[in-house]
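A.B. asks: This is a predicted model, with the sequence first.
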Amino acid sequence: MLLLLAVQLDTLDRVAAVVDDRAIWMSDVDERALLYASTYGIPPDQLPSLRREVLQQMVNTELLYLKIREDTLIHVSEDEVERAIDMQIQQIKGNLSDEEFERKLKEAGFTLEAYRRYLRDDIRKTLYIQKYVEMRIKPRVKVSDEEVDKAYEKLADSLATPPEFKLAVITLMVKPSASAEQEYYNRAKNIYRQLKRGAGWEEMVQKYSDDRESARIGGDLGIVPKNALPPNFVKEIEKTPEGGYTKPLRGPQGYHIFYVKGKREDAFLLAHILVKVSPSEADVKRVMRKAKGIVKKIKAGYSFAKLARRYSDDPVSRQNGGEIGWVSARALPPDIVEKLKGAKPGEVVGPIPTPDGTMINIFKVLDVHEGQRPTRAQVKQILLQRKIEEELNKLVEEAKKEYYVKVYI
């Protein structure tokens, strides 16, 4: 069970946005971003853009709430809020006993009552928005049969539930020549030395990081779960004090220097500088020959799991014999999906190089869940929801003209 609670990072927290007279704190944004990342399998390098999306959602929710409160006929009682809190806590609690649940709350720094207070504000806003939709939007928003017919023909394929694949993988990193690797490492080590001598983090990120997406916000990765990082990364970050820098750590993309902004039991608050390592065409060909040799061994009857433990450069999947579990087609590059679509359980697909040439993957399909086309009733519901969202977006735009909004990231 994923029990996601607020992180107390008072010394690191900052205001992410202000709506009217209410501040939205970065720690709250990070918590929600981590929840989405954990639920949908979003990798750590996409957390900066995810945080901005989450923050925008939070700003829009606050604006909607302010605007809806102007409607004096819409009211949410405290009893309704308390019942909704009870329902959400039961969902989060799952099959845990009261004692187990309260122990997990305590580990996160909460009593049950404190956690109820933490939920109350968001639940109240959600209930107001739901009531507004039921009373003011749904009565005037209709979806005709003709609209459903047109949408079904046009959207049925794109709205279909994507296939899912249960996979095992052998990942081979394409490493450059020894001299080129040393050059990249020396570059990372020089950055690390400058930081240790007192160079400013922001300046060094802007000047040297090859991850330009995160560099726009100071290399910030937000809250990164420990289980999303290789064990050697976790070990090095653990022994690095808050406010300190790790030595250069080699990952699939290159060398990472992490700025450790905060720590919690199951995650870190990190920023990074990436020195990207780009292999040559000769390097790709060399590793591709090795990958094809591994595929031959698999087809000759060698155990995929044993070969994964022996050859895979991914430390996380390697210890599981290559198994990475169920993966939605939406989380995979289109070229890989096309190759996996026709595969049956037990078949090996690959070797397939990544677009940037830094890795070559060999997949074993363990099982497949085929995608399903939506029903006409589902398409009608989707169209209705889109119309509702359009109306809510109009309300947000109206609110922006009435209330002060300032976003800081």
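C.D. replies: Right, received. Where do you want to start? Numbering: from 1, shown residues only.
A.B. asks: in the protein, which spans are strands?
C.D. replies: 15-19, 22-25, 164-173, 220-225, 249-250, 254-263, 267-276, 323-328, 348-353, 359-369, 405-407 (DSSP state E).
A.B. asks: Which of these has the lowest mean pLDDT?
C.D. replies: Here the lowest mean pLDDT among these goes to strand 220-225, at a mean of 80.
A.B. asks: quick one: residue 289 from residue 353, how far?
C.D. replies: Distance of residue 289 to residue 353, given as C-beta to C-beta, to the nearest Å: 12 Å. C-beta coordinates here come from the backbone N, C-alpha and C atoms, glycine included.
A.B. asks: Now render the strands of the chain as a markdown table, adding distance to residue 148.
C.D. replies: As requested, these are exported to a markdown table (distance: least, C-beta to C-beta, whole Å):
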| stretch | distance to residue 148 |
| --- | --- |
| strand 15-19 | 37 |
| strand 22-25 | 38 |
| strand 164-173 | 27 |
| strand 220-225 | 40 |
| strand 249-250 | 53 |
| strand 254-263 | 50 |
| strand 267-276 | 44 |
| strand 323-328 | 26 |
| strand 348-353 | 38 |
| strand 359-369 | 27 |
| strand 405-407 | 37 |
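A.B. asks: Out of those, the one nearest residue 236 is which?
C.D. replies: Closest to residue 236 of the strands of the chain, according to C-beta to C-beta: strand 249-250, at 6.0 Å.
A.B. asks: of residue 289 and residue 353, who's got more company?
C.D. replies: residue 353 (18 against 10; other C-beta atoms under 10 Å).
A.B. asks: who's in contact with that one?
C.D. replies: 174, 284, 288, 359, 360, 361 (C-beta atoms under 8 Å, 6 or more residues apart in numbering).
A.B. asks: just the helices in the stretch 151-300 of the chain please.
C.D. replies: Taking DSSP state H, counting those that start in this stretch as the test, the helices found in the stretch 151-300 of the chain are 178-196, 201-208, 212-215, 231-239, 281-299.
A.B. asks: Most neighbours of all the contacts of residue 353, which one?
C.D. replies: In the contacts of residue 353, the most neighbours by other C-beta under 10 Å go to residue 174, 25 neighbours.
A.B. asks: Relative to residue 96, how far out is it?
C.D. replies: 45 Å.
A.B. asks: Kindly report the same for residue 169.
C.D. replies: Distance from residue 169 to residue 96, by C-beta to C-beta: 33 Å.
A.B. asks: Just want to know which of the two has more residues nearby.
C.D. replies: Ranked by neighbour count (other C-beta under 10 Å), residue 169 and residue 96 place residue 169 first, with 22 against 14.
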